[in-house]
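1. Dropping the sequence and predicted coords here.
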Amino acid sequence: MDLEQTRFNMVEQQIRPWDVLDEDVLKLLFELRREEFVPAAYRSLAFVDMEIPLGHGEAMLTPKLEARILQELQVKRTDRILEVGSGSGYLTALLAKKGKLVHGVEIIPELKAMAEKNLQAHAIDNVVLEAGDAARGWPQHGPYDVIALTGSVPVLPTAFQESLTTGGRLFAIVGDPPVMNAVLVTRVTRFEEPGEFSTVGLFETCIPPLKNAQRPTRFVF
């Protein structure tokens with residue numbers, strides 16, 4: 001298999017058509033080799049438009065969704081980032097390449113170890129990975145300039161918005177199957193002030209939820 005041709009096809013046939021046109025993002029997808037973050041048994045599928053199993057009931061996001069998240073967050077070199085759900089570490093690495101520091105939180109210890117190994121292999125040293133449950137917020141190192149949730153949430157906890165800096169951006173996929181909405185939330189007010197936020201709907205999709213994600217309150221009759 002011609003890896004570089006296959007990578008080129010992934011970008012041109014999957015990612016560009018999904019409105020990912022930021023040249024810096026596209027360049028990074030060529031530089032950071034996705035197949036090296038995929039479990040060995042699935043390496044031949046690294047460029048396929050599918051969620052690749054990671055074990056423990058978890059999976060990598062599709063290449064086009066990873067790229068779209070990166071584009072929508074408009075990560076800057078000065079940004080401090082929170083990533084909830086690090087998986088194999090590929091999106092973590094993409095965020096780290098663009099930002100200043102990534103705090104990654106992974107609830108499954110085996111996946112945290114996988115991500116650490118992959119990041120070390122690529123000499124990415126501006127990531128701090130922690131084992132924990134951040135499905136309802138992770139204010140310990142906040143405020144953050146960027147927050148990325150890699151699993152869906154039926155309800156978006158306010159703790160995430162409140163952990164944003166002024167101008168900070170949050171990417172989340174909100175709702176229940178079969179249709180969920182990807183949103184970009186931006187903090188308008190100063191961090192010290194009562195929160196005021198701008199929310200933009202981006203696209204419809206459907207991905208598995210974060211473990212222990214907050215559920216909506218429902219009346220019981």
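-> That came through fine.
2. State the number of residues packed around V185.
-> For V185, the neighbour count with other C-beta atoms under 10 Å is 20. Where you see a C-beta, it was placed from the backbone N, CA and C, and this is true even at glycine.
3. and it, what is it in contact with?
-> Neighbour list for V185: 156, 160-161, 164, 169-170, 172, 197-200 [criterion: C-beta atoms under 8 Å, 6 or more residues apart in numbering].
4. Show the subsequent helix or strand relative to the longest strand along the chain.
-> Scanning the chain for the strand with the most residues, using DSSP state E, yields strand 164-176. As assigned by DSSP states H and E, the chain's next helix or strand after strand 164-176 is strand 179-187.
5. then the longest strand of the chain to PDB, C-alphas only?
-> What follows is strand 164-176, C-alpha atoms only, in PDB (Å, rounded to 0.1, in the frame of the first residue of the first chain):
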ATOM      1  CA  LEU A 164     -13.300  29.000  29.500                       C
ATOM      2  CA  THR A 165     -11.100  32.100  29.300                       C
ATOM      3  CA  THR A 166     -12.400  35.300  27.600                       C
ATOM      4  CA  GLY A 167     -12.700  34.300  24.000                       C
ATOM      5  CA  GLY A 168     -12.200  30.600  24.900                       C
ATOM      6  CA  ARG A 169     -13.700  28.000  22.600                       C
ATOM      7  CA  LEU A 170     -15.500  24.800  23.400                       C
ATOM      8  CA  PHE A 171     -16.300  22.000  20.900                       C
ATOM      9  CA  ALA A 172     -18.900  19.500  21.900                       C
ATOM     10  CA  ILE A 173     -21.400  17.100  20.300                       C
ATOM     11  CA  VAL A 174     -24.700  17.400  22.100                       C
ATOM     12  CA  GLY A 175     -27.800  15.200  22.100                       C
ATOM     13  CA  ASP A 176     -29.000  11.600  21.800                       C
END
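6. Buried ones among the contacts of V185?
-> When the contacts of V185 are checked for burial by 16 or more other C-beta atoms under 10 Å, the buried set is 156, 160-161, 164, 169-170, 172.
7. List the residue ranges of this structure that fall below the pLDDT cut-off.
-> Applying pLDDT under 70 to the chain picks out residues 1, 191-193, 218-221.
8. Now with 90, please.
-> Applying pLDDT under 90 to the chain flags the ranges 1-2, 179, 189-195, 214-221.
9. Give me the buried stretch members for stretch 153-166, please.
-> By neighbour count on 16+ other C-beta under 10 Å, the buried set for stretch 153-166 is 153, 156-157, 160-165.
10. which one among the residues you listed gets closest to W138?
-> Taking C-beta to C-beta as the measure, W138 sits nearest to S163 out of the buried residues of stretch 153-166, at 7.4 Å.
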